[in-house]
Each structure stands twice: as C-alpha cells, then as structure tokens.
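Visitor: Dropping a prediction and its sequence here:
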Amino acid sequence: MDAPRSGFLSELESFWNGWASARKDIVFVVCGSSTSWMVKKIIKNKGGLYNRLNHRISLSPFPLGLCEKLAHSRGLVLNRKQMLEAYMIFGGVPYYWSLLQKGTSITAEIDRLIFSPNGELHDEFEMLYASLSKKPEPYVRVIELLAKKKMGMTRQELLTAGKFEDNGAFSDILKDLEWCGFIRSYTMMGYRTKSDIFQLIDHYTLFYYEYIDGVRQGSNYWRSMLGTPKYNTWCGLAFERTCLWHVDQIKKKLGISGILTNEYAWRCLPDESVGRPGVQIDLLIDRSDGIIDICEMKYSKDPYTITSDYSEELARKRNVFQVVTGTKKAIHSIMVTTDGLTRNEYWGDVQSEIQLDDLYEL
C-alpha cells in the first residue's frame, strides 16, 4: 500500500490525528514481516505519527523451550534431538514450525517442505528477502558475503568485498538486516566499537547457502545427506549457532543469571615470529565477578569425549587468550554438548558442562 508516490503514509497520519486518535474504540496495530519498514516509517516517524506510539512489541524467534511447547500443542511427537535438528534449520520462527505435520519424521518433513518442488518452503529464500525491500539485491549480496565467513566481517571488509559505496544507504542495509534478525553485530573483546563485526545468524539462510543454493535436489535429498561428512560438519556449526541464540539458558545453568556479563566472540591470527597459533572462540562470557567463561560447543550423537589432543587445545586457547588480551581474570573452560561428557582423565579440565536439555529451560 505504501507504494512510491501513493501518499499512503501522509493520509494515514491525517486519518489518525484528525479522527481515529480521539476515539476510545479503535486500536491501531501495525505488524508484518517488513520490520525495517515499521522501524523507519512508524517507530522512527518524524512526521504526523511522531511520538504517537503506545507500545512496541518485538517478537524474537522462539527459544528451544517454546518450540517444544508449540510442537506438543500441534500433536508432534519428537524427542529433543529431533527438535534440535528442526531448530538448526528453521530457527525459532513459529511459522516454519506450524508447517510441520504430525505422524512423520523431521527428515521426511524437511524433504517435503524444502526439497520437494511443491514444498511450501521451496522458494522461501527469494520470498524472504523480497519482503525486505523492492530492491533486495544489495541485501542479498551482503548476506552472500557473510554466509562465507563464519565469524563475520567488519563494515570495511563488506564494503571492499561487495564493492559497495560507503554511504548512509549501506548503513541502512546493515541496520535493516539486523532489525529483522538476519545478522547481528558484535565487538571482539579488547577492540573498539568501530570494529564491530557483522555475523549472519539466521538459521534458514545459513542452511540455504549450505544445502539449497545451486545444488541439484530431489524429494529425498535430505535423507541422502544424513550421516555424510558434510552433514556432520553442518551439525557442528549449526549447533554452535543454536547455542548463540541460547546464551540466557547457558548463563542460567552456570548460575550467573543475576551477574552482569558481556558476551563476545574472539579470534587471533597465528604469529610465527613468536610461535603463537591462531585461536578462534565463538562465545566468551565476560563476568563482573572476575571470571571469563570460554564456551566450547560440540555436537555429537553420544557423550563427547575429551581426548589428550583436545585437552591441549583447550589449554592453548586459554593461554593465548590470556597473553593477547592481558586479562587478569580467571579463565574457565565450559563445554556445551548435546549428550554430556565422558568421565575420563581429561573431564576435569573443564569447570562446567552444559547439555542440550539445559537449553530447553525457559
């Protein structure tokens, strides 16, 4: 309705201020998938609707616990590992979960919804980003670049790689994508705010670039991928992203919900001159009680076993992080796994362990 030269917004302002706002029997609700339009045209309106907003409701994706309740309310009989698989593809978007049918497996449903030519989500990617703007191409270009970089990219890196112009229009693209929950911006511990890194975090979009874009598919494609090396690698990465959506649950299990914290990702390039290896940490919890938790996320079908090599890797991450950042805080290794840890001689190397069930807490 708000097409160019339509005058829709000015007419809406006139209608509301001239008649509707004086009545007690009218509630005006603006909602929809175009979050960027609502933010720019309604919430940040500088015209006739300025300061007219009574309430703002931001509907974030559901956590695992609410997705479980939604699935049960629809009669779906799934265990928590199966729900996790669905979450790693659909995220916490209720609409996607509402399409799942009972009486079948998650694997079959993914084939039906996504990989079948007649599936409801077969062309979801195009529809999803078309809702952002009448010209979605620059948005998709940013998404394409971020899909190739697990840790994300800085604004300057995006400008250079995408050959964008450094102006306000590009800033709006990043803001729109963040408002809509497709990307997040974060700082690395020890870096200034202007070094913000933008990271793609939307589950479905990441799944699209991994398995849908440019791939020859069929109605049984997802079943054929189960257990392959590519599938196992994807599970590990998708589980890490799921954990990033459940930091509150991780903090609750650690017993630090009431403690002031900041969450970061961190990376350090190798430096051969001093014999320092490269390190990448996907989740750091910097606590005000003098502790920094380095969270390691591992997806496995059985309890995860910390080997001698992995124990050395954990120690190396702690040491490199402490040396490079110069922090005086105690550094704890935290393991977040699907099925817990094997009790062996290296189990004591971690301070706390968190399991999949803990991520379902509300």
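Guide: Nice, thanks for sending it over. Residues are numbered from 1 along each chain as shown.

Visitor: in this structure, which ranges drop under the pLDDT threshold?
Guide: For the chain, applying pLDDT under 70 flags the ranges 190-195.

Visitor: count of residues packed around residue 77?
Guide: 9 (other Cβ atoms under 10 Å). No exception for glycine: its C-beta is placed from N, CA and C like everyone else's.

Visitor: For it, give me its contacts.
Guide: Contacts here follow Cβ atoms under 8 Å, 6 or more residues apart in numbering; on that basis residue 77 touches residue 102.

Visitor: Buried residues of stretch 250-265, list them for me.
Guide: 250-254, 256, 261, 263-265 (16 or more other Cβ atoms under 10 Å).

Visitor: can you check stretch 292-301 too?
Guide: Buried positions in stretch 292-301, judged by neighbour count with 16+ other Cβ under 10 Å: 292-300.

Visitor: for stretch 21-41, same thing?
Guide: By 16+ other Cβ under 10 Å, the buried positions in stretch 21-41 come out as 34-39, 41.

Visitor: from these, which is closest to residue 61?
Guide: Using Cβ to Cβ, the shortest approach to residue 61 within those belongs to residue 35, at 12.4 Å.

Visitor: ok, for the closest one, nearest residue in space, not its chain neighbours?
Guide: Closest residue to residue 35 apart from its sequence neighbours, by Cβ to Cβ, 6 or more residues apart in numbering: residue 180 at 4.5 Å.

Visitor: want to throw the buried residues of stretch 292-301 into JSON lines with distance to residue 58 and secondary structure?
Guide: Below are these laid out as JSON lines (distance: Cβ to Cβ, whole Å; DSSP: H, G, I helix; E, B strand; the rest coil):
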{"residue": "292", "distance to residue 58": "29", "secondary structure": "strand"}
{"residue": "293", "distance to residue 58": "27", "secondary structure": "strand"}
{"residue": "294", "distance to residue 58": "30", "secondary structure": "strand"}
{"residue": "295", "distance to residue 58": "26", "secondary structure": "strand"}
{"residue": "296", "distance to residue 58": "31", "secondary structure": "strand"}
{"residue": "297", "distance to residue 58": "26", "secondary structure": "strand"}
{"residue": "298", "distance to residue 58": "31", "secondary structure": "strand"}
{"residue": "299", "distance to residue 58": "29", "secondary structure": "coil"}
{"residue": "300", "distance to residue 58": "34", "secondary structure": "coil"}
